[in-house]
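J.: Show me how the following folds:
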Amino acid sequence: MLNQLKRLRDLHGRARTMRHYKSVVVAVLSFLLGVLAGCGVSDLDVPHYSQLEPPYAAVKLGGRVVSDVGCMAMCLAMLADYHADTNPMKLLAAFQARAAFAPSGDLLWGNALRALRMATGRTWEHKNRVQSVRYYLNRGIPVLARKKGHWRVIVGTTASGLSRCLDPAEGPGLIEIPTLDFDRFDVWVPAEKLGRE
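T.: Below you'll find the predicted structure:
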């Protein structure tokens, strides 16, 4: 019985590893096909908001302030304004009302979706760990990207494999980061925009 449990655990671990390798291979192939095709994606017109500037920096989310842990909050504020013409302070107030952030400052995904609906009047979808950045950008949907725990909004790509990003911890200009440097890509979008897929 103990040997069977051990074998089952080993099989489960191998299956999880294979799924991870498969997602990495798909992401690399998608990147290489884009580079070989020599095409970038034009920048989307997403507004920039800084987590370090007033009036947003001092807003409390959970037990922390936006200037300390608000990269995801301000990325979502950029998306809410882009998709639904929503003022960032209105979204931050909805995050507070819906307890979208834990005392540690971590985002609570389900509560964040409810807060987005409260602030924008639209139902939102969250797709985590998407594989193709260009797929969404070509449909007018910005992509959130994480690198070492920090989130940015990808608004375009270059033919050489760089992602053109808005960074809530930087100034309003676009920065370019190699797409393969990111460890996760997520999409947050009003549900009606996903209906076009």
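J.: any idea how far R114 is from D183?
T.: When distance is defined by Cβ to Cβ, to the nearest Å, R114 is 27 Å away from D183. The C-beta positions use only the backbone N, C-alpha and C, and glycine is treated the same way.
J.: between the two, who's got more neighbours?
T.: R114 (18 against 11; other Cβ atoms under 10 Å).
J.: Test my guess that the more buried one contacts A99.
T.: No: between R114 and A99 there is no contact, the gap being 9.4 Å when judged by Cβ atoms under 8 Å.
J.: residues of the helix or strand where H83 lies that come out buried?
T.: Applying DSSP states H and E as the criterion places H83 in helix 71-84. Residues of helix 71-84 classed as buried by neighbour count (16 or more other Cβ atoms under 10 Å): 71-83.
J.: What is that helix packed up against?
T.: Contacting helix 71-84 under the criterion 3 or more Cβ pairs under 8 Å, 6 or more residues apart in numbering; DSSP states H and E are the following elements: helix 88-97, helix 109-120, strand 143-147, strand 150-157, strand 184-190.
J.: ok now that helix, how far from the chain's centre?
T.: 10 Å (Cα atoms, centre = their mean, to the nearest Å).
J.: Stretch 153-162 too?
T.: A distance of 15 Å separates the centroid of the chain from that of stretch 153-162, by Cα atoms, centre = their mean.
J.: who touches L76 in this structure?
T.: Applying Cβ atoms under 8 Å, 6 or more residues apart in numbering, we find L76 in contact with L91, A112, L116, W188.
J.: Which of those are buried, as a ChimeraX select command?
T.: With 16+ other Cβ under 10 Å as the criterion, this ChimeraX line picks the buried residues out of those:
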select :91,112,116,188
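J.: Export the contacts of L76 as CSV, with columns for pLDDT and distance to V133.
T.: Formatted as CSV, the contacts of L76 follow (pLDDT from 0 to 100; distance: Cβ to Cβ, whole Å):
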residue, pLDDT, distance to V133
L91, 97, 24
A112, 97, 21
L116, 98, 21
W188, 96, 14
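J.: May I ask which two of the contacts of L76 are separated the most?
T.: The most widely separated members of the contacts of L76, counting by Cβ to Cβ, are L91 and W188 (11.5 Å).
J.: any common contacting residues for the two?
T.: In contact with both L91 and W188: L76, L116, using Cβ under 8 Å, 6+ apart.
J.: which residue sits closest to the residue nearest to the spatial centre of the chain, ignoring its sequence neighbours?
T.: Of all residues in the chain, the one closest to the mean position by Cα atoms, centre = their mean is L144, 2.4 Å from it. Closest residue to L144 apart from its sequence neighbours, by Cβ to Cβ, 6 or more residues apart in numbering: D186 at 4.6 Å.
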